[in-house]
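Participant: 3D model of this:
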Amino acid sequence: MARFIAAALVWVILAPLFYSAMSASAKLAGAHLSVWQIGAGRFGLGLVVVPVIVKVLGLNLWGQQRFLLTVRGLCGAVAFLLLLAAFQRIPLSLAMVLFYLYPAFTALLSPWVTGEPTPKIAWPFVCGAFIGTSLILWPHEASRDLNWGHLFAVIASLLCALTLLLVRRLGKHNNIYTLFFYLCLAGTVACLGPLLIQDSPILPMHAAAWTGLAAVAVFSIGAQLSINQALVRIPAPMVSVMMTAEVPLVAGFGVLYLGEPFDWRLIVGAMLIFCSGVGLNLLPAKSISNCSGKNGNASRE
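Facilitator: Okay, the predicted model is just below:
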């Protein structure tokens with residue numbers, strides 16, 4: 001029993017670390033690579049690795065409800081690509097804070113996507129998340145730097161919420177590797193066209209670029225496998241709360257290592273968004289927040 005608990009703790013600690021490392025690597029790789037190159041590298045590796053895992057485990061790769069699987073894959077892939085684009089335009093810390101609006105968007109979209117009403121107790125947390133966003137983006141001296149990156153991060157958050165709700169529906173009849181496979185398949189296809197017509201070379205030209213691409217791809221696989229292992233051993237709401245550690249980890253990396261600016265608006269707004277996300281994930285299991293906890297982090301773009 002002690003060994004089981006120890007293994008569970010290891011996986012639940014590794015999951016946010018891998019996701020944070022993937023985000024930080026994507027930010028750094030953006031200095032050498034286009035969004036399409038990073039996306040193709042990340043999704044391409046998954047497209048190769050997942051079928052091998054599925055074959056070893058004897059699972060069904062193609063799954064059921066393939067149209068919805070494809071839609072879910074596209075939503076997750078576009079969310080990731082938009083987040084990459086946001087990383088290249090605004091500070092990493094700010095992009096990650098805005099992206100973590102997705103628990104609030106999940107609660108808002110739930111009645112239309114899954115038919116599960118949003119409980120009344122969730123609304124204060126939803127409002128808190130959007131108040132935090134308004135505080136960050138409200139017109140002030142620093143807001144002169146507002147650009148498409150802010151919008152990309154918010155849209156990525158919205159698409160991530162839609163992805164999680166689709167996982168809620170599809171997870172009843174499909175294994176987690178099938179869901180990840182469709183994400184990688186849709187992402188690879190989405191990246192190929194723009195990659196072939198971009199002005200810059202298709203393949204990275206520098207060692208640093210290859211290193212960054214490899215880091216994003218490897219950390220992505222590590223994040224996916226570790227969160228799946230954690231969910232097998234630990235209740236989903238607890239895993240979901242632990243995953244929110246990604247916010248301070250990535251934000252801290254941006255501020256301390258990259259020297260990104262921050263002020264009281266970002267700090268207070270980030271705390272509102274962060275605490276609201278934790279609150280939504282701590283709601284009773286029947287609430288919509290558990291949808292983002294039980295299946296969401298296992299397949300978050």
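Participant: Show me the helices in the stretch 151-300 of the chain, by range?
Facilitator: Using DSSP state H, counting those that start in this stretch, the helices of the stretch 151-300 of the chain run over 176-197, 207-233, 236-243, 246-252, 264-281, 289-291.
Participant: for the protein, what spans make up the strands?
Facilitator: Ranges of strands within the chain: none, based on DSSP state E.
Participant: picking that back up, pick the most deeply packed of the helices of the stretch 151-300 of the chain.
Facilitator: helix 289-291 (a mean of 26; mean count of other CB atoms under 10 Å). C-beta here means a position set from N, CA and C on the backbone, and glycine is covered the same way.
Participant: and it, what's its mean pLDDT?
Facilitator: Taken as a whole, helix 289-291 carries a mean pLDDT of 43.
Participant: returning to that earlier point: of all the helices of the stretch 151-300 of the chain, which one is nearest T70?
Facilitator: helix 176-197 (6.2 Å; CB to CB).
Participant: sorry, back to before: out of the helices of the stretch 151-300 of the chain, which gets nearest to L162?
Facilitator: Distances from L162 to each of the helices of the stretch 151-300 of the chain were compared by CB to CB, and the smallest falls on helix 289-291, at 11.6 Å.
Participant: Tell me the predicted confidence for A104.
Facilitator: A104 carries a pLDDT value of 90.
Participant: Surely it touches S276?
Facilitator: Yes. Taking CB atoms under 8 Å as the definition, A104 is a contact partner of S276 at 6.4 Å.
Participant: Mind putting the helices of the stretch 151-300 of the chain into JSON lines with distance to W123?
Facilitator: Conversion of the helices of the stretch 151-300 of the chain to JSON lines gives the following (distance: least, CB to CB, whole Å):
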{"stretch": "helix 176-197", "distance to W123": "29"}
{"stretch": "helix 207-233", "distance to W123": "27"}
{"stretch": "helix 236-243", "distance to W123": "19"}
{"stretch": "helix 246-252", "distance to W123": "22"}
{"stretch": "helix 264-281", "distance to W123": "10"}
{"stretch": "helix 289-291", "distance to W123": "12"}
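Participant: about what we covered before: give the residues shared as contacts by A104 and S276.
Facilitator: Common neighbours of A104 and S276, counting by CB atoms under 8 Å, 6 or more residues apart in numbering, are F125, V126, A129.
Participant: Please spell out the segments of the stretch 101-250 of the chain that come in under the pLDDT threshold.
Facilitator: Judged against pLDDT under 70, the low-scoring parts of the stretch 101-250 of the chain cover residues 139-145, 231-232, 235-237.
Participant: Give the burial count for L282, as a bare number.
Facilitator: As a burial measure, the neighbour count of L282 was computed by other CB atoms under 10 Å and equals 16.
Participant: How about K55?
Facilitator: Using other CB under 10 Å, K55 has 10 other residues around it.
Participant: Spit out the contact partners of it.
Facilitator: The contact partners of K55, by CB under 8 Å, 6+ apart, come to L61.
Participant: Need the per-residue pLDDT for it.
Facilitator: K55 carries a pLDDT score of 94 in this model.
Participant: still on that earlier bit, who wins on neighbours among the shared contacts of A104 and S276?
Facilitator: Of all these, A129 has the most neighbours under the rule other CB under 10 Å, reaching 27 neighbours.
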